[in-house]
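[1] Have a look; sequence and predicted model below, questions after that.
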Amino acid sequence: MLNTNEDETMRIELQDIHKYYGPVRANNGVSLTIASGEIHGILGENGAGKSTLMKILSGFIHATKGTILIDACPVKFENPAQASLMGIGMLYQDPLDFPFLTVLDNFMLGLTDGLSVQADQFRNQLNELSASFGFQVNPDIPVQRLTIGERQQLEILRLLGLGIEVLVLDEPTTGISAVQKQLLFQALKKLAADGKSVILVSHKLEDVEALCDRVTVLRYGAVTGAMESPFDTGMLLKMMFGAPPSQPLRKAAQSGSSVLEMKQVYASGGRSGLKDCSITFRQGEMIGLAGLEGSGQGVFLRVASGMQKPALGEISLRGARIKGGAFPAFRQAGAAFLPASRLEEGLIPGLTLTEHYALQNKSSKFLIPWAQAYQQAQKCINLFRIKGQPQTFVQTLSGGNQQRLLLSFLPDKPKLLLLENPTRGLDLESAHWVWQRLCNYADRKVCIVFASSELDEILMVANRVLVFFDGSIIKDVKADETDADELGRAIAGKCD
Amino acid sequence: MPTLHFIATTMISDLNLTILFASVIAGAAPVVIAAIGETITEKAGIINLSLDGTILLSAMTAFAVAYETDSLLLGFGAAGIVGACVAGIVALFSIYLGQSQVAVGFVLTLMCRDLAYFLGNPYSRLQGPQASPLPLPFLKEIPFLGTVFCNHNLPVYLSLALIFISWQYIYRTSYGLKLRSVGENPEASFVRGINPRKIQLTYALCGGFLVGISGAVFSLAIKPGWGRPQGAEGVGWIALALVIFGGWHPIRAAAGAYFFSFLQVIGIHAQTWLPNAPAQVFQVAPFPLMIFTLVLMHLAQKEAVLNWTEEKAWLRTLIRMFSGTAPQSLGKTEISN
Amino acid sequence: MLMNWGGRLPVNVTDSSKINQMQLSKSLLSGFKLLLNGLLTLTVVFCFTTLILLIAGAPPLAAYYHIFKGSLGSWITFGHVVKTWIPLTLCSTGLIYTFRIGLWNIGVEGQIMMGAVFSTAMLRWGADWNQPFGVIGLAYGAGISGGAMWAIIAGFLKTKGGVNEIFAGLGLNFVAQGLILWLIFGPWRRPGVASMSGTEPFPYELWLSNWPGLRIAPAGLALAIGAIFLTALILKYTRIGLNLKAIGNNAQAARLFGLNPKHHMLLAMLFAGGLAGLAGNIQVTGIYHRLLPAISSNYGYLALMVVMLANYNIWAAPLVAFFFACLNVGSIQLPMALRLDSSLSGVIQGSLVLATLAVQAWRVKRNK
């Protein structure tokens, strides 16, 4: 093993860490200490600076100011490899691995050197390690075929193979099943019992409460408090958000005429595709789509909005049959779609706000009504409180403002809104604003369908919940007839 | 004007299978070397589009250097260095200046060709040194195989050895693993202690060196001498297409090179059989074929096609032969830090 | 087969204060910087070319002098420059459409050839109609449709067949070249012996009329200038221009705005191919008056460089095209005057594009 002080304990101190991106202060004087053998939670909402801090600790980015001490000795990491040589390894939020290489290749990379890869030796090591944690990994299939949870397991094994003493995990419970989460938590407890430190970065109170010995809460890039187990949930919430956020209320479902109807629709795409989907949505319904990332929700939304052509099946909008994949016809019938990745799928980098409104404005067929588009841009900037100018390029807007801009493109009188993770990556205020806006639509009997990876969010606003598992809808319930436990089991594929 | 008669020197009048295959192996040598060089470069995530110009410039350099020094070895070496330099320019523009590899490669294609014509002008149509046949003792006595594989000059043996070596290197050594990892996901490689920029630059240079050697094989062995046109025009583009055709695997790329070489030889024979068929048809035949195979490869990825071939085993095998995935970060430019 | 050949710079997320700063910075300063960039680029190219000339054992200053004298030295040579400028500009304007939507229309070379082939076919067919104006008019149409057809094939291969447009275009270039050779040595060969000098010249009535002395066809000049202005208007004021730009920057999002990327790709190819076909027509009717193997004169490949050097700007492209035309025409003098190969112009042009890219990128990097 690479680490020389395997039997010794390792104590990590971060002192007054600052990280600035231009005027943005991602970390603003963070100090914290992590003792060996403890599971330390870093809690905070999206954009609080948790990931930035951990990337600094793992050598992925450099701090603008501040010191890292290992056993009271200041260290400076040029790159992640140096950090892992010192015993610090990080599991990134989006898995940093090689989907097209095999599991064994992924495991060996960074460990092996020399002309021969010594595949057999590493295969044994991988098998031993995975057996000791109860993980099941086939060394010879491409990583592409693993679930997110299995990719995490592989990455943890790889880091342990490197001989790390401190394991940092960034939001590891997003996108994995309940079973895998249990397995993960067991493994982490075992690591802590072996004297290794675990740092768990999360914005989910339940994860932190279930696992951690100690929690540090970040807000706006600074520490707002720390607490030892057992935790006081109210206090933690207060540290995370300042004042507890006011929540929009779930509205009772109104029964109305059918807006969208699907009969036995099949489509490809995502990890699982969409299988045998038959469903009816009605006016005034607010429907939350739950499920692991890539279980078919994304494909469903794209098929329902006409962005993607289904392989089989019938779709009707407001009672009339419509040809799958004919986006203009769907638009005409009042369907609107908001994708999750704003800058990749929703907005056009390199175009200004005015140019976006010019694209949106279809009043003339051949010539562009530039003056009209400019006025529209100014109007929407005021109405939607977008921080920008008509001539601003969209890629320079912040995530929240990009989402406001996208919302401003929604038609005035839609019949069906299809939204994919509408609040992902937004700070609380922006997310709140988005839901207020959407609830206004719901009041006007618009049917709203949204996918979200947060059960809390779904239970907060939706009045009907669909659970996707492996491309099929395995649960369809009214929100007030279910709870987080039941939905959580369904998400993992267990339906009773 | 593209003339693809690089087999012309080994042209034969009557169809003798042994000689036919031997001339396919010999004629494909430079294309095999260039395609493998480009495969290595692209495995690291860099597209060197300049092959067509690079081959000409290095062919000219090889001939000029060998002519002046009367040393074939120096000729080959100089050609390799020229090839590496051109590939290095593409890599530097991409890695350190964030410029499009396609744009830079395209400009270099034209520029290197013109540079070759300009600087090579004094060496036009001169008699110079060339690689002499080097039959392998004993091995060449083996019936059929001996003549096909063991009765050539050194560059041809080099091309044969290269197929095996590059395959082993890419898929069996830890260096090859690192190379592939950078082409798939440079950021993840960085986290594993690999310097993606260094790897990309290194293998761009290596691949470029091989492309340069391939140019030297033209002007010092396959089609000795220099002129305008040299006869290697258009070959670079074929080599580029072969990399895709080969699904970024050196053995399959080489197989593609032999297939096209075979077509060329057959084409020459066909001309003697069908004197009325215009020669131009045979000269451009590889290109529509290239497009056709690319369409096939696209179809091989389509789910509908895969379902359709579900029950037809031979069709499925055929389709699988044409499938391949590009390195995920191929062609991406990055300026970080 | 997943190929990402986007080649566009990743969009840099600049914070708003930087933009304000940039807006505040005086235009004088940025103008000065631009001038400095230009001077730096020219110095680099000058040094490089001089070095190449010294390697070739030629007197650099004499070479530059001959290029200048051979292009702008007299009205006759100036006429040659304009004759080169016309097809080069037509192709460059066409390429602006395809670059805008993010396509590398490398097949422009073959599109010129097919324009020439179709025009020749029309002129041969209508040679004995005694309607010279009508036939020439029809030949324009034939040339445009020939180039457009070749471009559309590449477009369909891209949108339906999943073939990267670079390989589709390139393959079609070679096919077009083969077709021309076959025509010249086959069905359209000269009575007597077929040769590389091309087909039998057309009857004099079917030549585009020239200004006496300059030997420039006014019709060609008018078409080229018209194409520039029309393209500028289309790009700025019509839906087509905005749609192409939107799709080129993010095709996925453009679909959400109700645009069809594939249709627009075909449309852009149609424009580019049509203009290239027109260039091919003028090569045949206005300059050579017959079909030659080298009828495209490499203008297609050259036009790609022109547009890159012009930074994809419609107003800069004609200026760059003029400069490139001067280099091309001027370097024809080199073999006679200095026994050098005329391909020096290509070396200068290529190094100019590379140096410009490098200097631009270096500046951007330094400002970060």
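    Arrived safely, thanks for sending. Numbers count the residues shown, from 1 in each chain, chains lettered A, B, ... in the order given.
[2] Surely A:Met90 is in a strand?
    Yes: per DSSP: H, G, I helix; E, B strand; the rest coil, A:Met90 lies within a strand segment.
[3] what does chain A put close to chain C?
    A:21-24, A:307, A:327-328, A:331, A:337, A:339, A:343-351, A:355-356, A:358-360, A:362, A:365-368, A:370, A:387-388, A:392, A:395-396 (Cβ under 8 Å from any Cβ of the partner chain). Just so you know, the C-beta spots here come from the backbone N, C-alpha and C atoms, and that holds for glycine as well.
[4] swap the cut-off to 7 Å and go again
    Counting by Cβ under 7 Å from any Cβ of the partner chain, chain A comes close to chain C at A:22-23, A:307, A:327-328, A:331, A:337, A:344-351, A:355, A:358-360, A:366-368, A:395-396.
[5] Restricted to helices, list the residues you listed.
    Counting by DSSP state H, those place A:Phe327, A:Pro328, A:Arg331, A:Glu355, A:Ala358, A:Leu359, A:Gln360 in helices.
[6] Kindly supply the ChimeraX command isolating those of these that are buried.
    The buried residues among those can be selected in ChimeraX (16 or more other Cβ atoms under 10 Å in any protein chain shown) with this line:
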select /A:327,331,355,358,359,360
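[7] quick check, nearest of the ones in helices among the residues of chain A next to chain C to B:Val24?
    A:Phe327 (50.8 Å; Cβ to Cβ).
[8] for the residue lying closest to that closest one once chain neighbours are set aside, what are its contacts?
    Once flanking residues are discounted, A:Phe327 sits nearest to A:Gly306: 4.1 Å by Cβ to Cβ, 6 or more residues apart in numbering or on different chains. Applying Cβ atoms under 7 Å, 6 or more residues apart in numbering or on different chains to A:Gly306 gives the contacts A:Gly325, A:Ala326, A:Phe327, A:Ala329, A:Phe330, A:Ala335.
[9] Also A:Lys181?
    Contacts of A:Lys181 by Cβ under 7 Å, 6+ apart are A:Thr173.
[10] what's the helix or strand for B:Gln130?
    Assigned by DSSP states H and E, B:Gln130 belongs to neither a helix nor a strand.
[11] Tell me the spacing between it and B:Ala66.
    As judged by Cβ to Cβ, to the nearest Å, B:Gln130 and B:Ala66 stand 8 Å apart.
[12] Find the residues that touch each one of the two.
    B:Leu220.
[13] Okay, now the unreliable bits of chain B?
    B:1-15, B:271, B:273-283, B:303-306, B:309-310, B:334-337 (pLDDT under 70).
[14] how about the strands of it, start to end?
    In chain B, no strands are defined using DSSP state E.
[15] I'd like to know which residues of the stretch 251-400 of chain A are adjacent to chain B.
    So the stretch 251-400 of chain A meets chain B at A:Ser268 (Cβ under 7 Å from any Cβ).
[16] and the residue in the stretch 251-400 of chain A that chain B sits nearest to, how many neighbours?
    Per Cβ to the nearest Cβ, A:Ser268 is where the stretch 251-400 of chain A lies closest to chain B, at 5.5 Å. By other Cβ atoms under 10 Å in any protein chain shown, the residues close to A:Ser268 number 15.
[17] Next: C:Gly31.
    C:Gly31, neighbours per other Cβ under 10 Å, totals 10.
[18] Pull the contacting residues for A:Ile279.
    A:Met262, A:Ile473.
[19] Confirm that it sits in a helix.
    No: looking at A:Ile279 with three-state DSSP, it is strand, so not inside a helix.
[20] do you know how far it is from B:Lys312?
    36 Å.
[21] again, but for B:Ile238
    31 Å.
[22] Same question for A:Ser51.
    50 Å.
[23] okay, the two: which has more neighbours?
    More crowded of A:Ser51 and B:Lys312, by other Cβ under 10 Å: A:Ser51, with 22 against 11.
[24] How about residues contacting the helix or strand hosting the more buried one?
    Using DSSP H and E, the element containing A:Ser51 is helix A:50-57. Applying Cβ under 7 Å, 6+ apart, the contact partners of helix A:50-57 are A:14, A:17, A:19, A:26-27, A:30, A:42, A:44, A:61, A:63, A:68, A:88, A:90, A:93, A:168, A:170, A:199, A:201, A:218.
[25] Report the distance from that helix to the chain centre.
    Using Cα atoms, centre = their mean, to the nearest Å, the distance from the centre of helix A:50-57 to the centre of the chain it belongs to is 17 Å.
[26] what's the answer for stretch B:134-154, then?
    Using Cα atoms, centre = their mean, the offset of stretch B:134-154 from its chain centre is 23 Å.
[27] For the residue lying closest to B:Leu294 once chain neighbours are set aside, give me the pLDDT.
    On the basis of Cβ to Cβ, 6+ apart, the spatially nearest residue to B:Leu294 that is not a chain neighbour turns out to be C:Val163, at 4.4 Å. For C:Val163, the pLDDT comes out at 87.
[28] count of residues packed around C:Val163?
    25.
[29] That one - that's part of a helix, no?
    No: C:Val163 sits outside any helix when classified using three-state DSSP, being coil.
[30] I'd assumed B:Leu296 was in contact with it.
    No: taking contacts as Cβ atoms under 7 Å, C:Val163 lies outside contact range of B:Leu296: 10.0 Å.
[31] Show the low-confidence segments of the chain, by residue range.
    Unless you meant another one, I'm taking chain A. In chain A (pLDDT under 70), the answer is A:1-9, A:23, A:175, A:243-254, A:271, A:495-496.
[32] Correction: the question concerned chain C.
    C:1-28, C:194, C:213-214, C:368.
[33] The helix or strand where C:Met308 lies vs chain B: in contact?
    Per DSSP H and E, C:Met308 falls inside helix C:299-309. Yes: Helix C:299-309 is in contact with chain B by Cβ under 7 Å from any Cβ, via C:Tyr301, C:Leu304, C:Met305, C:Met308.
[34] Neighbour count added to those, as TSV?
    Shown next, in TSV, are the residues of helix C:299-309 next to chain B (neighbours: other Cβ atoms under 10 Å in any protein chain shown):
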residue	neighbour count
C:Tyr301	21
C:Leu304	25
C:Met305	24
C:Met308	23
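[35] Report all helices and strands that the helix or strand containing A:Asp105 contacts.
    Under the criterion of DSSP H and E, A:Asp105 resides in helix A:103-108. If you count contacts as 3 or more Cβ pairs under 7 Å, 6 or more residues apart in numbering or on different chains; DSSP states H and E, helix A:103-108 packs onto helix A:119-133, helix A:148-161.
[36] Fine by me, thanks again.
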